[in-house]
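Student: Any chance you can model this:
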Amino acid sequence: MKKWFINAAAAASFAIASSAHATGFPVIDISNLIQNTMTALQSVKDEVYQNTNIAYQYKMMANQLLQATGLDPSQLTEQLGALQSEISSNETYGGALKDLYGSLSGNADYLNRVQSMVVSSGKSPGQWFEDQRTLLNNGDKTAKNLFKLGTSVFNNTEAVAKRREKIQKQMKLSPTAQATAQTTNQMLDVLASQNSDMLQLMSAKTQSDADKDQKSLAVATESAAVAEQLQADRDAQRQKILNLK
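Tutor: Numbering: from 1, shown residues only. Prediction:
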């Protein structure tokens, strides 16, 4: 049932993106985008639950090994090392999932805010977006702040989603966990496309401009990953120095 819903959401997203005004702008159903965001949130929540249970099971196994008697010390060390590695991997993935859940929650909050503004205006979504483009082009402060906020929220969601996917590909997941992760991947792809279309609607950007933004985001995401690794290396070196004191 869930797989059918995800496929339906993806199909709906494609239909919406394929339909356009004569001006060439994509057509966005904000309610559909909010629903897709909530579906993604639920999928991530399912992943967090499964990940927490798996990490707990590994910890229980490690505790049982420590309490066992008569085991060969070398084998015990090897098995404990393997379990600690799995625990560490799952905790890292769990952290990425929780970060993504927070980002998606921010995504949903922003979309609900926009939908509320559209309803309050008494205009159709198409007219409201057209007004936003005009205001933005004229330098309206409120329109600029709304667009900047959306850009920040959506870019952050995509950056965190890419980090989670990178870690997920390195994980040894059970069939159930893998299926849930795949559901999350599909929904995140749908959201990335719809979020991009929404920003294009608000700013009247051309597709080439949008492509440039995507490339810039990819570079920024990679730079953030490098910076994160450098910081981790520095922290490890600092800890070694402290241990020597």
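Student: the domain parsing of this structure - what is it?
Tutor: The chain breaks down into these domains under automatic domain parsing: 28-205, 209-245.
Student: Spatially central residue in this structure, please.
Tutor: Nearest residue to the geometric centre of the chain (CA atoms, centre = their mean): Ala161, 2.9 Å.
Student: wait, what's in contact with Ala192?
Tutor: Glu158, Ala161 (CB atoms under 8 Å, 6 or more residues apart in numbering). In this view, the C-beta of every residue, glycine as well, is placed from N, C-alpha and C.
Student: Same check on Ala108?
Tutor: Counted by CB under 8 Å, 6+ apart, Ala108 has contacts Ile34, Thr37, Met38, Leu41.
Student: Roughly how far does it sit from Ile54?
Tutor: For Ala108, the distance to Ile54 equals 27 Å [CB to CB, to the nearest Å].
Student: Over to Tyr93?
Tutor: For Tyr93, the distance to Ile54 - CB to CB - is 9 Å.
Student: If we ignore the residues flanking it in sequence, what's nearest Leu104?
Tutor: Computed as CB to CB, 6 or more residues apart in numbering, the closest residue to Leu104 that is not its neighbour in sequence is Leu41, at 4.9 Å.
Student: Looking at Tyr93 and Ile54, which is more packed in?
Tutor: Using other CB atoms under 10 Å as the criterion, Tyr93 and Ile54 rank with Tyr93 on top: 23 against 20.
Student: Assess the claim that the more buried one and Gln168 are in contact.
Tutor: Yes - with contact defined as CB atoms under 8 Å, Tyr93 counts as touching Gln168 (6.6 Å).
Student: just to revisit the earlier point, including mean pLDDT, could the domains of the chain go into a markdown table?
Tutor: Converted to a markdown table, the domains of the chain look like this (pLDDT from 0 to 100):
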| stretch | mean pLDDT |
| --- | --- |
| domain 28-205 | 93 |
| domain 209-245 | 59 |
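Student: quick one: what helix or strand has Gln84 in it?
Tutor: helix 73-121 (DSSP states H and E).
Student: continuing past that helix, what's the next helix or strand?
Tutor: helix 125-137.
Student: buried stuff in the following helix or strand past that next one?
Tutor: Next helix or strand after helix 125-137 toward the C-terminus (DSSP H and E): helix 141-169. Residues of helix 141-169 classed as buried: 143, 146-147, 150-151, 153-165, 167-168 (neighbour count, 16 or more other CB atoms under 10 Å).
Student: and what of stretch 129-138?
Tutor: So stretch 129-138, judged by 16+ other CB under 10 Å, has buried residues Phe129, Glu130, Gln132, Arg133, Leu135, Leu136.
Student: Next: stretch 37-45.
Tutor: The neighbour-count check on stretch 37-45 (16+ other CB under 10 Å) flags Thr37, Met38, Thr39, Ala40, Leu41, Ser43, Val44, Lys45 as buried.
Student: ok and the helix or strand hosting Gln178 relative to helix 141-169, angle-wise?
Tutor: Using DSSP H and E, Gln178 falls within helix 175-203. Angle, helix 175-203 to helix 141-169, by axes from the mean of the first three to the mean of the last three CA atoms, to 10 degrees: 160 degrees.
Student: And helix 175-203, how far out from the chain middle?
Tutor: Centroid separation between helix 175-203 and its chain, computed with CA atoms, centre = their mean, to the nearest Å, is 8 Å.
Student: from here on, count from 44
Tutor: Noted, 44 is the first residue going forward, which turns the last one into helix 218-246.
Student: Now do it against helix 116-164, angle only.
Tutor: Going by the same axes, to 10 degrees, helix 218-246 makes 30 degrees with helix 116-164.
Student: Quick check: closest non-adjacent residue to Ile77.
Tutor: Leu154 (4.8 Å).
Student: Quick one: residues contacting the spatially closest residue to Trp171 that is not a sequence neighbour.
Tutor: Take Trp171 and drop its neighbours on the chain: the residue closest to it by CB to CB, 6+ apart is Val161, 4.7 Å away. Contact analysis of Val161 by CB under 8 Å, 6+ apart lists Ile73, Pro168, Trp171.
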